[in-house]
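here is a sequence together with a model predicted from it:
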Amino acid sequence: MSDSRQPGLLQQTPFVLFWLARLSATTGYHMLAVAIGWKIYELTNSALDLGLVGLIQFVPSVVLTLLIGHAADRYDRRMIVRSAQCIYVVACLMIIGALLTGALTRELLFIVVFMIGCARAFEMPTAHTLASALVPTHMIARAVAAWTTANQTAIICGPALGGLIYMVSPLLVALFCLVFFVTSITLISFVRVKATPVRRDPPTFASVLAGFEYVAPATACWA
């Protein structure tokens with residue numbers, strides 16, 4: 001009886017706001033990815049350039065891996081997620097401006113993809129850790145399931161919606177994505193997280209590689 005009276009996941013307002021923000025941002029991201037892919041191929045008619053879009057976006061997540069964890073441990077995670085999504089907004093504005101002026105080029109789209117790749121490299125892991133911090137410990141499993149549902153829904157609906165709108169106008173896709181990203185940033189601004197001690201010391205080479213230093217003794221004991 002006592003379990004049935006406990007607040008459900010929908011009563012966790014910070015998590016609900018962040019869930020909606022995740023759904024909005026991820027939908028916008030996948031819509032924009034479809035639009036960029038189509039536009040690159042339309043401009044160049046090159047399968048190689050289309051493949052480079054994925055490569056350029058993937059490289060930052062590999063290169064910045066160590067810095068991402070360091071930043072998430074030492075700075076406000078909401079700020080990191082909002083900052084990353086602000087870069088999405090800038091990317092949308094660049095595409096909108098280029099489409100309106102007829103200045104959209106292959107090189108500009110590659111720059112936009114690199115910007116988005118860097119932002120997403122910081123946003124995704126930080127958002128995952130922040131989501132679990134917005135609910136009581138006994139609700140983490142349910143929160144993770146809901147979080148995964150939001151991501152999967154956006155992954156399925158985003159490209160489909162982006163493709164449909166692209167048939168009307170690429171500019172319209174960029175405008176819709178801009179709205180989604182601004183909505184996400186606004187929702188996250190209302191999310192309140194229980195204060196926890198945060199380390200403010202500047203990053204050093206040793207602190208960035210701390211994870212490897214921790215793993216090394218554990219590995220050595222099996223030798």
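Right, received. Where do you want to start? Numbering: from 1, shown residues only.

after whatever helix or strand residue 29 lives in, which helix or strand is next?
Assigned by DSSP states H and E, residue 29 belongs to helix 13-44. Once the chain leaves helix 13-44, the next helix or strand it forms, by DSSP H and E, is helix 47-63.

any idea how far the helix or strand just after that next one is from the chain center?
Following helix 47-63 in sequence order, the next helix or strand is helix 65-74 (DSSP H and E). Its chain's average C-alpha position is 15 Å from that of helix 65-74, according to Cα atoms, centre = their mean, to the nearest Å.

which parts of helix 65-74 are buried?
Residues of helix 65-74 classed as buried by neighbour count (16 or more other Cβ atoms under 10 Å): 66, 68, 69, 70, 71, 72. (C-beta placed from N, C-alpha, C; glycine too.)

just want the angle from that helix to helix 47-63.
For helix 65-74 against helix 47-63, the angle by axes from the mean of the first three to the mean of the last three Cα atoms, to 10 degrees is 50 degrees.

what's the burial count for residue 124?
By the criterion of other Cβ atoms under 10 Å, residue 124 has 16 neighbours.

next SSE downstream of the helix or strand that contains it?
Secondary structure from DSSP H and E places residue 124 in helix 106-132. Remark: after helix 106-132, the chain's next helix or strand is helix 140-168, criterion DSSP H and E.

got the angle for that following helix vs helix 106-132?
Using the same axes, to 10 degrees: helix 140-168 against helix 106-132 is 160 degrees.

now the element after helix 140-168, going C-ward?
That would be, after helix 140-168 and using DSSP H and E, helix 170-189.

output the contacting helices and strands for that following helix.
Here helix 170-189 touches helix 13-44, helix 77-101, helix 140-168, going by 3 or more Cβ pairs under 8 Å, 6 or more residues apart in numbering; DSSP states H and E.

quick one, the last one and helix 170-189 angle?
Translated: helix 140-168. 160 degrees.

buried residues in helix 140-168, which are they?
143, 146, 147, 150, 151, 154, 158, 159, 161, 162, 165, 166.

want to throw these into JSON lines with distance to residue 78?
As requested, the buried residues of helix 140-168 are exported to JSON lines (distance: Cβ to Cβ, whole Å):
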{"residue": "143", "distance to residue 78": "16"}
{"residue": "146", "distance to residue 78": "19"}
{"residue": "147", "distance to residue 78": "16"}
{"residue": "150", "distance to residue 78": "17"}
{"residue": "151", "distance to residue 78": "18"}
{"residue": "154", "distance to residue 78": "20"}
{"residue": "158", "distance to residue 78": "23"}
{"residue": "159", "distance to residue 78": "28"}
{"residue": "161", "distance to residue 78": "27"}
{"residue": "162", "distance to residue 78": "27"}
{"residue": "165", "distance to residue 78": "30"}
{"residue": "166", "distance to residue 78": "32"}
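
before we move on, the earlier item: want to try a markdown table for the helices and strands packed on helix 170-189, with distance to residue 121 as columns?
Supplementary listing: the helices and strands packed on helix 170-189 in a markdown table, determined by distance: least, Cβ to Cβ, whole Å:
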| stretch | distance to residue 121 |
| --- | --- |
| helix 13-44 | 13 |
| helix 77-101 | 8 |
| helix 140-168 | 16 |
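
let me know the average pLDDT across stretch 22-32.
Mean per-residue pLDDT for stretch 22-32: 95.
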